[in-house]
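1. Model the structure of this input:
(one chain, ligands or ions: 2)
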Amino acid sequence: MMKLLVVGSGLFGSVVARERALAGDQVTVIDKRPHLAGNIYTADVAGIPVHRYGAHIFHTNSPRVWQYVTQFAAFNRFTNQVLANYHGRLFNLPFNMNTFHQMWGVTTPAEAQAKIAAQQTAGASRRPANLEEQAIALVGRDIYQTLIKEYTAKQWGRDPVDLPAFIIRRLPVRFTYDNNYFNDRYQGIPVSGYTAIVEKMLALPTITVQLNTDFLADRGALTAAFDRIVYTGAIDGFFDYRFGTLAYRSLRFEDELLDIPNFQGSAVVNYTDRETPYTRIIEHKHFIFGGGNRRQTVITREYPAAWQPGAEPYYPVNDPANEALFQQYRTYAAAQAPQVIFGGRLGAYRYYNMDQVIAAALQVAHNEDLWRAQKV
Ligand code: FAD
Ligand code: UDP
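-> Ligands and ions are numbered 1, 2, ... in the order given. Modelled structure (predicted):
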């Protein structure tokens, strides 16, 4: 029986812990936070499940991932439909015929496509080199200026010309009147919150969980006590930033419990102007269709924040310089710490959604070659 230490009780660590326990390993999960579930942690506030680390909507195109996650929870039929507020004007997101109508008064797909074509930069490179070029190529200048440029600069603390194009490709562009924020086949919110999913995953007799335990504070003893380690914290932090720090973006969340039944009529409203210091307001009760509390509501303002060692690293910044630095850490890890498997949003330094994290964790957990290797 292999003794496995999983550092981090987020989705990646919890899926690997469960699958390895089912494969016969003795698993210990530690987390430095006082609660399970990492960034998908939800807590009850006045009867409303509050997403403590930002709004989390589960969506996937993978039948396998959907089947996997629905073992642990019943999901509702929530479909994310985001509004953007630009100086008091409301637009539907993602970019669709409603947005084009609100922006230009056009009513047909042909008119919308003509507007966008007229606003695309003449002679722009076929393969956009950065987020700004990509955005203008997809939706034209007006939408870029109103809904993307200032929001992106706030969110990332950088000009969109200094960000990779893939970030804006997360959002669909469609020429139908369809406000669904995602294109995936499956979507929903677990009706009892996300924390319950992780609790169920870890409820096996061969899994032990220890919260408030930082691996880095006791790494020598922990490394000696286990055959293998799965590490879901930041890979640069694991190696004491020996090659420098990878760039991350952090966030600050401000919650408010209000004595009104309905604050904004929608789960997510983005503020796309540069003057509003937060990027979005989440009203949690709308994820469960107003349920939980008829008199009150909980809202969360999400403020982007600079990251420095010690702050929570929420988003990796996958530009070429940081990708190169990450590869340096990976090469070093393979040579110097072969008994450690790095994974998850931080360990793999990837802008993963939850479904991608589950798919990656299942792949790691079921790769028997990886587990046959002996402790070095
Ligand atoms: P985490 O959840 O970050 O878990 C890592 C865990 O490791 C943490 O609990 C941390 O405390 C612990 N840890 C780190 N270092 C140590 C250490 N040294 N010792 C002990 N413990 C340690 N995805 C979607 O699919 N849909 C969404 O709508 C969505 N919205 C998001 C909104 C925001 C604001 C953010 C930031 C992310 C969002 N995501 C969304 C992505 C989603 O949160 C991640 O894909 C997923 O939670 C990552 O899981 P993880 O296990 O890799 O990391
Ligand atoms: N974005 C934007 N305006 C918006 C929403 C998103 O410009 O109103 C851009 C921004 O650069 C953001 C990216 O699109 O980082 C991806 O948005 P998503 O909603 O997927 O971000 P997440 O939920 O991961 O923070």
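2. contacts and neighbour counts: CA atoms only from here.
-> Will do.
3. where do the helices sit along the stretch 1-150 of the chain?
-> 11-22, 63-69, 97-104, 109-119, 131-143, 150-156 (DSSP state H, counting those that start in this stretch).
4. relative orientation of the fourth one and helix 131-143 in degrees?
-> It refers to helix 109-119. 120 degrees (axes from the mean of the first three to the mean of the last three C-alpha atoms, to 10 degrees).
5. Just say which of the helices of the stretch 1-150 of the chain is most tucked in.
-> helix 11-22 (a mean of 25; mean count of other C-alpha atoms under 10 Å).
6. starting at the chain centroid, how far to that one?
-> 19 Å (C-alpha atoms, centre = their mean, to the nearest Å).
7. Pull the distance from stretch 132-148 to the chain's centre.
-> 23 Å.
8. any idea of the mean pLDDT for that stretch?
-> Taken as a whole, stretch 132-148 has a mean pLDDT of 97.
9. Touching that stretch from outside, list them.
-> With C-alpha atoms under 8 Å, 6 or more residues apart in numbering as the contact definition, stretch 132-148 has outside contacts at 84, 86, 95, 103, 115-121, 124, 128, 149, 160-161, 165, 168-169, 173, 272-273.
10. now with 6 Å?
-> The contact list for stretch 132-148, computed with C-alpha atoms under 6 Å, 6 or more residues apart in numbering, reads Ile116, Gln119, Gln120, Pro128, Pro160, Val161, Ala165, Thr272.
11. before we move on, the earlier item: mind putting the helices of the stretch 1-150 of the chain in TSV, distance to ligand 1 included?
-> Listed next are these as TSV, based on distance: least, C-alpha to the nearest ligand atom, whole Å:
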stretch	distance to ligand 1
helix 11-22	4
helix 63-69	12
helix 97-104	21
helix 109-119	28
helix 131-143	19
helix 150-156	10
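12. Scan the contacts of stretch 132-148 and report the most crowded one.
-> Neighbour counts for the contacts of stretch 132-148, by other C-alpha atoms under 10 Å, peak at Thr272, which reaches 27 neighbours.
13. longest helix anywhere in this structure?
-> Determined from DSSP state H, the single longest helix within the chain is helix 320-336.
14. just checking, what packs against that one?
-> Using 3 or more C-alpha pairs under 6 Å, 6 or more residues apart in numbering; DSSP states H and E as the contact test, no helix or strand touches helix 320-336.
15. in it, what's buried?
-> By 16 or more other C-alpha atoms under 10 Å, the buried positions in helix 320-336 come out as Asn322, Glu323, Leu325, Phe326, Tyr329, Arg330, Ala333.
16. Could you list which of these also contact ligand 1?
-> Among the buried residues of helix 320-336, no residue is within reach of ligand 1 (C-alpha under 6 Å from any ligand atom).
17. Which residues lie in contact with Pro160 in this structure?
-> Leu131, Glu132.
18. cutoff 8 Å now
-> Asn130, Leu131, Glu132, Lys149, Thr152, Ala153.
19. I'd like to know how far the fifth one sits from Leu163.
-> Separation of Thr152 from Leu163 (C-alpha to C-alpha, to the nearest Å) stands at 9 Å.
20. For the stretch 201-350 of the chain, which residues are neighbours of ligand 1?
-> Thr213, Asp214, Phe215, Leu216, Thr232, Gly233, Tyr314, Gly344, Arg345.
21. Pull out the buried members of those residues.
-> Thr213, Phe215, Thr232, Gly233, Tyr314, Gly344, Arg345.
22. quick one: which of the residues you listed is nearest to Asn179?
-> Tyr314 (26.4 Å; C-alpha to C-alpha).
23. before we move on, back to that, could the residues of the stretch 201-350 of the chain next to ligand 1 be laid out in JSON lines, adding pLDDT?
-> JSON lines is the format used below for these (pLDDT from 0 to 100):
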{"residue": "Thr213", "pLDDT": "98"}
{"residue": "Asp214", "pLDDT": "98"}
{"residue": "Phe215", "pLDDT": "98"}
{"residue": "Leu216", "pLDDT": "97"}
{"residue": "Thr232", "pLDDT": "98"}
{"residue": "Gly233", "pLDDT": "97"}
{"residue": "Tyr314", "pLDDT": "95"}
{"residue": "Gly344", "pLDDT": "98"}
{"residue": "Arg345", "pLDDT": "97"}
